[in-house]
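**Q** Pasting the sequence and the predicted model now:
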Amino acid sequence: MNHQEEAAEEQLALAAAAGIHRLAIPTPFMVGRVNAYLIEDSPLTLVDSGPNSAKALDELEQALAERGHAVEDIELLVITHQHIDHFGLASILARRSGAEVAALDRLAPYLACFGEEAEVDDRFAQQTMLRHGIPADIVTALREVSASFRAWGAAVEVTRPLADGTELELGDRTLRVLHRAGHSPSDTVFLDESRAILLAADHLIGHISSNPLLARPLGAGADYQGPRPQALVTYLASLEQTRAMNLSLVLPGHGWPITDHVSLIDERFRLHRRRAEKIHRLIVSEPRTAHEIAQELWGNVAVTQAYLTLSEVLGHVDLLLQDELVVEREDGGVVRFEAA
C-alpha cells in the first residue's frame with residue numbers, strides 16, 4: 001500500500017468513526033466503481049445505490065453484510081443526482097426494503113419517468129451534436145449506444161422530495177441539502193454539519209475533473225428550444241460555493257476522500273482556465289466547430305466519446321463567449337466559433 005492509499009484508508013476510518021461507511025460498487029462504465037455511503041444512524045441510510053445490475057446488487061449485499069446489515073434493513077435511500085451509476089438500483093432496493101426514497105424535489109419527476117426522460121435527453125443530445133458539427137452517422141451510432149445504457153437505470157418514485165437548503169434530520173446528525181448543479185443539472189451534496197463532512201457525489205472528485213455534461217435543464221420539456229445550457233459556467237459557480245465552505249472531509253462519488261477541497265478546487269479553476277486559453281488559440285488560428293476543436297484536442301476520442309468531448313469544448317467556449325473573446329456564427333444549421 002502506497003502513501004496515498006494509506007492516507008485514504010485513514011480518512012475512510014475517520015468517516016467510519018463518524019458512522020459513514022464507503023461501499024465501492026462496480027459499474028460497467030469507464031469511471032470504474034461508484035461510491036455508495038452507508039450512514040449507520042436512525043434511520044439506516046444509504047446514499048446512492050450503484051447501477052441496475054446483478055453484479056452491483058451482489059456486491060452491495062456483500063458490503064452491507066460485512067457491516068451486519070441486509071438490503072431489507074435500509075430505511076432511507078438518498079439519491080444525489082440523475083446519472084444511472086448512482087441511482088440504477090434504487091427501485092429494487094426500495095421495493096425490497098420499503099425504504100423512503102429522498103432526492104432533490106426538482107429531480108423527482110425525472111426519476112419517476114426515467115425511461116421517457118432518457119429518450120428526451122437523447123433527442124436533446126442528438127440535436128446538440130448535429131448543430132455543433134458531429135457527422136450524422138456518428139450521432140446515430142451514439143444514440144444507439146446511449147439507448148443500450150438505459151437498462152443500467154430504472155424509474156424510481158421519490159417519496160421524500162428535498163428542497164435546496166433544507167435539512168434532512170437523522171438521529172445523530174443533520175444533513176444540509178445543497179443543490180450544486182453543473183456536472184449534472186440535479187447534483188446535490190449533503191453536509192453533515194456537526195462533523196464538517198460533505199457527501200459530494202460527482203460534484204468534486206479527487207483523481208479526475210468532473211465533466212459538466214450538457215443536459216436539458218431540470219423540468220424542461222421534450223420540445224425545449226431555449227438557450228444552450230452553460231454547464232461549465234454553472235459548475236464553476238457551484239464550485240465557488242463549495243470552496244467557501246469549512247470542511248474537514250469530502251466524500252466523493254468515485255475514488256478516495258478529499259481533505260483539502262480548497263486547493264483541489266483552485267487547481268480545477270486553473271485547469272479550466274488553461275483549457276479555455278488553449279481552445280481560444282485554436283479558434284484564433286481559424287474558425288471551427290466544437291467537434292473540430294474536440295478532434296484537434298483529443299483525436300479519435302472525440303469520435304468514440306463525442307458527446308463527452310463536445311460538452312467539454314462547449315463549456316470552455318462558454319467561458320470565452322462570456323469574456324467576449326469569441327463569437328458564434330451559424331451557417332446551414334451548424335455553428336462555428338471565431339475570434340471576436
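**A** Looks like it arrived, so ask away.
**Q** who touches His203 in this structure?
**A** By Cβ atoms under 8 Å, 6 or more residues apart in numbering, the residues touching His203 are 180, 182-183, 187, 189, 210, 238-239, 242, 252-253. From N, CA and C alone the C-beta is placed, and that goes for glycine too.
**Q** any low-confidence regions in the stretch 151-300 of the chain?
**A** Counting by pLDDT under 70, the stretch 151-300 of the chain shows no low-confidence range.
**Q** Do a quick rundown of the helices in the stretch 51-200 of the chain.
**A** 54-66, 84-87, 90-97, 108-112, 114-131, 136-149 (DSSP state H, counting those that start in this stretch).
**Q** and of those helices, who's closest to Ser311?
**A** Proximity to Ser311, assessed across the helices of the stretch 51-200 of the chain by Cβ to Cβ, is greatest for helix 114-131 (8.7 Å).
**Q** what angle separates that closest one from helix 136-149?
**A** 160 degrees (axes from the mean of the first three to the mean of the last three Cα atoms, to 10 degrees).
**Q** buried residues in helix 114-131?
**A** For helix 114-131, the neighbour count (16 or more other Cβ atoms under 10 Å) marks 114, 117-122, 124-126, 128-131 as buried.
**Q** Gly165: which of these is nearest?
**A** Of the buried residues of helix 114-131, the one sitting nearest to Gly165 (Cβ to Cβ) turns out to be Glu117, at 24.8 Å.
**Q** mind checking pLDDT for the closest one?
**A** For Glu117, the pLDDT comes out at 96.
**Q** now do Glu10
**A** 93.
**Q** cool, Met1 as well?
**A** The model reports Met1 with a pLDDT of 68.
**Q** I'd like the buried residues of helix 114-131 written out as a markdown table, with distance to Asp85 added.
**A** Converted to a markdown table, these look like this (distance: Cβ to Cβ, whole Å):
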| residue | distance to Asp85 |
| --- | --- |
| Phe114 | 13 |
| Glu117 | 16 |
| Ala118 | 14 |
| Glu119 | 19 |
| Val120 | 20 |
| Asp121 | 15 |
| Asp122 | 17 |
| Phe124 | 20 |
| Ala125 | 18 |
| Gln126 | 22 |
| Thr128 | 22 |
| Met129 | 22 |
| Leu130 | 27 |
| Arg131 | 28 |
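**Q** Among these, find me the one that's closest to Gly226.
**A** Phe124 (10.8 Å).
**Q** Now the closest one: closest residue in space that isn't a chain neighbour?
**A** Closest residue in space to Phe124, ignoring its immediate chain neighbours: Arg216 at 5.0 Å, by Cβ to Cβ, 6 or more residues apart in numbering.
**Q** Tell me how many other residues surround the one you found.
**A** For Arg216, the tally of surrounding residues (other Cβ atoms under 10 Å) stands at 20.
**Q** repeat for Glu167
**A** 13.
**Q** give the contact list for the nearest residue to it once chain neighbours are set aside.
**A** Nearest residue to Glu167 in three dimensions, chain neighbours excluded: Thr174, at 5.1 Å (Cβ to Cβ, 6+ apart). Residues in contact with Thr174 (Cβ under 8 Å, 6+ apart) are 167-168, 192-194.
**Q** mind putting these in CSV, distance to Ala65 included?
**A** Listed next are those as CSV, based on distance: Cβ to Cβ, whole Å:
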residue, distance to Ala65
Glu167, 31
Leu168, 26
Asp192, 25
Glu193, 31
Ser194, 29
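**Q** List just the nearest of those to Arg329.
**A** Set against Arg329, the nearest of these by Cβ to Cβ is Leu168 (47.3 Å).
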